[in-house]
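K.L.:
Sequence plus the predicted model coming up.
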Amino acid sequence: MTSGDAAIAAAETSTAVVAAAIAKNLTVATAESLTAGMVAATLANTPGASGMLQGGVVAYQNSVKAGVLGVPEGLLASVGSVDPGVAEAMAEGARRACAANVGISTTGVAGPEPHDGKAVGTVFIGIATDSGTEAFEYSFSGDRQSIRGQACEAALARLLAVLADVGYRA
């Protein structure tokens, strides 16, 4: 998938995410490392997003992950920033910091070099709701821009699936 294809898919998915969140009266917050705000920006580009997007945190550095999102420093020291537990803690931190129903996070390796012992293209997306928190692992290929675009699209697709599955109205 090219970065252009990922951007088009992300925009289409974003429209469905915004509609689903508004229909269920749910709010969303983001915590982004790898995507550095792309998920929040894609949502914000969608008409109606102000009815569901609470806010987001760009946590590129571990100090921001720990200090703002509450990711345990011991976890970051032991596993690094590219880890499912970190993705989960980031999503929980976004949800808490922005008082949202759903938190979503992205962390991973866009390249050009491996990071924290993880291969280029390794991505974890975390989702936190009042029902629990879960991380999902992906392996993307391509250049840095393409990997980041694919991660954004995957995060929005995962968010849409979770919103469709959340069986309550807040």
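P.N.:
Looks like it arrived, so ask away.
K.L.:
how many neighbours does residue 72 have?
P.N.:
Neighbour count of residue 72, defined by other Cβ atoms under 10 Å: 13. Every C-beta, even on glycine, is put in place using the N, C-alpha and C of the backbone.
K.L.:
likewise residue 153?
P.N.:
25.
K.L.:
does it really touch residue 12, like I thought?
P.N.:
No - using Cβ atoms under 8 Å, residue 153 is not in contact with residue 12, being 9.2 Å away.
K.L.:
List the single closest residue to residue 85 in space, sequence neighbours excluded.
P.N.:
Leaving aside its chain neighbours, residue 85 sits nearest to residue 75 (5.7 Å; criterion: Cβ to Cβ, 6 or more residues apart in numbering).
K.L.:
how far away is the one you found from residue 162?
P.N.:
According to Cβ to Cβ, to the nearest Å, residue 75 and residue 162 sit 23 Å apart.
K.L.:
same check, this time on residue 57
P.N.:
On the measure of Cβ to Cβ, residue 57 and residue 162 end up 19 Å apart.
K.L.:
More neighbours: which of the two?
P.N.:
Neighbours per residue (other Cβ under 10 Å) separate residue 57 from residue 162, with residue 57 holding more: 23 against 20.
K.L.:
Right, I'll leave it there.
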